[in-house]
Every structure is written in C-alpha cells, then in structure tokens.
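**Student:** got a predicted structure here, sequence first:
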Amino acid sequence: MKTDLTAAAHRGCEPTGPQILQLRPDRRLGHEWDDWDGNPVPNDGIYHEPPGLFFRLFGAWALALALGVAAVIWLVEPRLASFWSPLPKIAWILLGTALGLTLLWTLILDLSLRLNRNLLPRKLAEGGLLPKVMPIAERSGRWFGISRDRAGNAALRVFNGLATARARSGYRPDELLLLLPRCLDKEGMQGVMSLAAQYGVPLFVAARGRYAREMIGRVRPKAVVAVACERDLVSGVHDVAARLPVLGTTIGLPQGPCKNTTIDIPALELRIRTFLGIAGANSS
C-alpha cells in the first residue's frame, strides 16, 4: 500500500523530453537599428526633409575629402617632385578636376529635380552613381547632429524625384513587385493588401532585406515599389537600383522601429500608379 501511495504522488513526474521555455520579445529589430536606444523616435519617424539637405551633406563630405587629399599632396609634394618634377602639378590638376566634376554633378542633379526632367543618363543618376553616394550623405549628417533618418529622407526625396521623372509607365501589374516590411500595423497592412488586390500587383512581406533581394531574384520584376523606413530604403536602393527601377515609400514609427509602423496609403498608391501609367488619373 505504501509503495502505491508513493507511486501515485510521483505520477506525472516521469522523465520525458526537455521542455524549452522561451520569452519572445514584442519586436525584432533590423540590423540598421542596432544602435537604437529604446527611446521614442522624433516626430514619430515621419520626416519631410528638403532635397537641399542631401546636397549640402554630400557637398560637405566631398569638401572634407578634397581638403584631406590636398593636405596629403602638400605634404608629399617634395617627394613627388623627386620622382618626376611635373608630378605635383598633375596631382593638383587631378584633384581640382575631381572636385569640379563633383560640383557639376550635384548642380545637374539639382537642376534635374527643379525641371522634373533627367539631364543625366540613368547610370550617372538614380540608376548608378546616386545610390552609391546616398549612404555617404546619410553618415556625414552625424558631423552636424543630423540623424540618419533625416539625412536618409532627404536623399530618398532626391532619388524618388529623379526616378519618377524617368519612370517608364505602362508596366503590367504582374511586372511589378510590391515589397513590404513585416512591422506594418494591422490597418496599414490591410490597406496595402487592398491596394495590391485592386491593381493586381504581386506583394511580398520581407522579414529582412536579404529576403527582399532574394525574392527580386526569383520573381525578376521589371520595377519595384518598396516600403520601409529611411535606413532600410537607403540600403535597399543602394543594392537594387542599378538593376531595375525602384520607387520608395517611407513609413512612420509611432512606437519606435520595427513595431506597428504606419504608412501613407495615398503616397504608396501614387508610386504604383506611376509605374502602371495612370499617375495622372484621380487617385481612388
């Protein structure tokens, strides 16, 4: 009897497989937000920076680089002359030419935005050179206490302006790809899904940037409409814009990054309609 009572007391405690307990956080940050301190994002993450901010930040970086190179040339000028007397002069001419071409490039980009007409080939603008320097302007903003988000927003305004001006309209809906972040709030996600259904555009929710790039490689769209925060859009444009046309739509961060983010549905719809060739019609 005593043995039976002991067995009954331990019933249900027999060895079984391990029980793994987990605590899942309410958000998973993307790598672009590794430096986030947990505080609310200013302005709920909604920015409307002028394109001129991008030009000023890139100009400051170019000037700093030119001054650094000039200092190096000045220091080694005697050594260069010892190898070949015209060499210092050639170095100064090359530096001046590079600085002049950089200034000319930024002026032409600014004029293109003002005229809403691309004055440079795609490879020298939104399809090549511009995406390469956007991260530079984003980083140089720190010198002046300007956040990556503000600097990135200004850079994206320049990029979107040039991309819209050159966008070839008349793509079929199935030739587009709409990329979304996983962090949109319920209302925003439902609104985007309704848009995708209305226009017949394929939609993909990317948990990470590499999954978005992988889907682009699989689907091979002719144009992409991407939705993300400024940091992810700058990174994505840098990686993808050289291969195919891209238009970006930024999101709001009322609860910080990567959780319950919001989206401007009319702005997104305008991007879709631009590629479909019906941007001039009244938005529904």
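**Tutor:** Yep, it's here.
**Student:** my guess is residue 248 meets residue 232, correct?
**Tutor:** No: the criterion here is CB atoms under 8 Å, and residue 248 misses it with residue 232 at 9.4 Å. Quick note: C-beta positions are derived from backbone N, CA and C, even for glycine.
**Student:** between those two, which is the more surrounded one?
**Tutor:** Counted by other CB atoms under 10 Å, residue 248 and residue 232 do not tie: residue 232 has more neighbours, with 27 against 24.
**Student:** tell me the pLDDT of the more buried one.
**Tutor:** We note a pLDDT of 93 for residue 232 in this prediction.
**Student:** in contact with it, which residues?
**Tutor:** Contacts here follow CB atoms under 8 Å, 6 or more residues apart in numbering; on that basis residue 232 touches 30, 32, 181, 209.
**Student:** next one: phi and psi at the first one?
**Tutor:** It refers to residue 30. phi -70, psi 160 (degrees, to the nearest 10).
**Student:** that one: what's it in contact with?
**Tutor:** By CB under 8 Å, 6+ apart, the residues touching residue 30 are 208, 209, 231, 232, 257, 258.
**Student:** ok, which stretches of this structure are strands?
**Tutor:** All strands of the chain, identified by DSSP state E, fall at 176-181, 203-206, 223-227, 246-249, 251-252, 262-263.
**Student:** which parts of the fourth one are buried?
**Tutor:** What that stands for is strand 246-249. Using 16 or more other CB atoms under 10 Å as the test for burial, strand 246-249 gives 246, 247, 248, 249.
**Student:** next, format those as JSON lines and append pLDDT and distance to residue 42.
**Tutor:** Below are the buried residues of strand 246-249 laid out as JSON lines (pLDDT from 0 to 100; distance: CB to CB, whole Å):
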{"residue": "246", "pLDDT": "95", "distance to residue 42": "26"}
{"residue": "247", "pLDDT": "96", "distance to residue 42": "25"}
{"residue": "248", "pLDDT": "95", "distance to residue 42": "20"}
{"residue": "249", "pLDDT": "96", "distance to residue 42": "20"}
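**Student:** if we can go back for a sec, so which of the strands of the chain comes closest to residue 276?
**Tutor:** When the strands of the chain are compared by CB to CB, strand 176-181 sits nearest residue 276, at 7.5 Å.
**Student:** ok, the closest one: who's next to it in the sheet?
**Tutor:** Its sheet considered, strand 176-181 pairs with strand 203-206 (parallel), strand 223-227 (parallel) by DSSP bridges.
**Student:** pick the most buried one from the ones you listed.
**Tutor:** Most buried of these, by mean neighbour count (mean count of other CB atoms under 10 Å): strand 223-227, with a mean of 25.
**Student:** ok, so of the contacts of residue 30, who is nearest residue 82?
**Tutor:** Top of the list for closeness to residue 82, among those and by CB to CB, is residue 231 at 47.8 Å.
**Student:** what sits closest to that closest one if chain neighbours are left out?
**Tutor:** Computed as CB to CB, 6 or more residues apart in numbering, the closest residue to residue 231 that is not its neighbour in sequence is residue 32, at 3.9 Å.
**Student:** got it, and residue 54?
**Tutor:** Spatial nearest neighbour of residue 54, excluding adjacent residues (CB to CB, 6+ apart): residue 154 at 4.1 Å.
**Student:** okay, the strands of the chain in JSON lines with distance to residue 147 next?
**Tutor:** Formatted as JSON lines, the strands of the chain follow (distance: least, CB to CB, whole Å):
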{"stretch": "strand 176-181", "distance to residue 147": "19"}
{"stretch": "strand 203-206", "distance to residue 147": "24"}
{"stretch": "strand 223-227", "distance to residue 147": "20"}
{"stretch": "strand 246-249", "distance to residue 147": "18"}
{"stretch": "strand 251-252", "distance to residue 147": "15"}
{"stretch": "strand 262-263", "distance to residue 147": "19"}
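**Student:** comparing the ones you listed, which yields the minimum mean pLDDT?
**Tutor:** strand 203-206 (a mean of 91).
**Student:** among the contacts of residue 30, which are in helices?
**Tutor:** Among the contacts of residue 30, DSSP state H puts 209, 231, 232 in helices.
**Student:** now those residues as CSV including distance to residue 62?
**Tutor:** Output for these, formatted as CSV (distance: CB to CB, whole Å):
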residue, distance to residue 62
209, 28
231, 22
232, 25
